[in-house]
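>>> need a 3D model of the sequence below.
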Amino acid sequence: MKSELDFVNYLKKIKTFNKNIIRGIGDDCAIVKFNSRKKYVITSDTSLLGPHFTKDYTPEEIGHKSLATNLSDIASMGCVPLYALYDITIPRMSESWIKRFFNGTRKLLNQHKVSIIGGDTTKGPMSISITLIGVQKNKILTRSGAKTGHDIYVTGNIGNARAALILDKRTKGHKYFRKSLLKPIPRVAVGLELSEFASSCIDISDGLAKDLKSIAISSKKGFQIDIGSIPIDPNFDMFVKNHLKEECILGGGEDYELCFTASNKYSIKINRISKKYKTKITKIGVIKSTEYSYSLNNQEYKPKVSGYDHFKEK
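Residues are numbered from 1 along each chain as shown. Got it, this is the predicted structure:
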């Protein structure tokens, strides 16, 4: 095994024992049926000191981001978040740190009416693992429903979080993009609206190029992307040098925006959702029957980046 994908593919081979498992390993959430009326989605994310946050993060920022990343998974499935379990490892007991951490997470808990129902606490190097349970409202979105000819969309701007990571912390550019890295906005309400008609969806956590490929592989399709159509911050070009732009826009993770596919007959509805939630939604390409292709200025473009992988050798 050399990558996260190898690890996931190995786990997929382990036998499951319950017919109520609608979808197991390989999507943003597992899907489980507990009764004939509703299906539930379950996701778990771990945030570690180093890969996910650094020592200059405040406890409030860690609290927000660690929950926001989980909520983004629920959003990508078009579901309603309900319950959370927190597994928290900290190096020492600190009442001040714990209260500040939960002050950071409480706004999202209240906003989305998520109840903490359990978890675990241990002593050791800092690690925050959250398991979220949600429930379907409409159709549950997955990565595997994309159809040939369907349009490809993304919410928000792409590349801000990676820009904050690669720019020197002393620069104006880092300070400008820092909020996107520390306080991502989970698109739960938008995901719920999309669940009425979108054919597939994923949250952009490992880089747009990698997450697009996940939709294509799961759907057994290809895609064509116009890089010039990918939405970026109005000040992106001012702060990010040309040789870093591809890494930010295609390779950088942690945007936690939604990438989804839908028939072009829903374009007016998508515009209404965009206006309703004051969230930019941009068409960036189209699903093809086979092959992955990118273009820039009407010319074929070959990206050099492949996306984030925890186990990739430096």
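
>>> where is the longest strand in the protein?
strand 79-90 (DSSP state E).

>>> for this structure, give me the ranges with low pLDDT.
Low-confidence segments of the chain (pLDDT under 70): 51, 306-314.

>>> so where do the strands sit in it?
Under DSSP E, the chain gives strands at 21-23, 30-33, 39-48, 79-90, 115-123, 127-136, 151-155, 200-203, 222-226, 258-262, 281-288, 292-296, 299-301.

>>> TSV for the ones you listed, including distance to residue 4?
The C-beta positions use only the backbone N, C-alpha and C, and glycine is treated the same way. Shown next, in TSV, are the strands of the chain (distance: least, Cβ to Cβ, whole Å):
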stretch	distance to residue 4
strand 21-23	18
strand 30-33	17
strand 39-48	13
strand 79-90	20
strand 115-123	24
strand 127-136	17
strand 151-155	22
strand 200-203	15
strand 222-226	21
strand 258-262	18
strand 281-288	24
strand 292-296	19
strand 299-301	25
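
>>> ok, which of these comes nearest residue 65?
Checking those against residue 65 by Cβ to Cβ gives strand 39-48 as the closest, at 6.8 Å.

>>> got the buried residues for the closest one?
39-41, 43, 45, 47 (16 or more other Cβ atoms under 10 Å).

>>> strand 79-90 and that one, what's the angle between them?
30 degrees (axes from the mean of the first three to the mean of the last three Cα atoms, to 10 degrees).

>>> count the neighbours of the closest residue to residue 1 other than its chain neighbours for me.
Distance criterion Cβ to Cβ, 6 or more residues apart in numbering; nearest residue to residue 1, sequence neighbours excluded, is residue 7 at 5.6 Å. Other residues near residue 7 come to 14 when the count uses other Cβ atoms under 10 Å.

>>> give me the distance between residue 7 and residue 138.
Distance of residue 7 to residue 138, given as Cβ to Cβ, to the nearest Å: 32 Å.

>>> so what's residue 23 up against?
For residue 23, the contact set (Cβ atoms under 8 Å, 6 or more residues apart in numbering) comprises 30-31, 142.

>>> and those residues as TSV, adding distance to residue 16 and neighbour count?
Shown next, in TSV, are these (distance: Cβ to Cβ, whole Å; neighbours: other Cβ atoms under 10 Å):
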residue	distance to residue 16	neighbour count
30	10	17
31	12	19
142	17	25
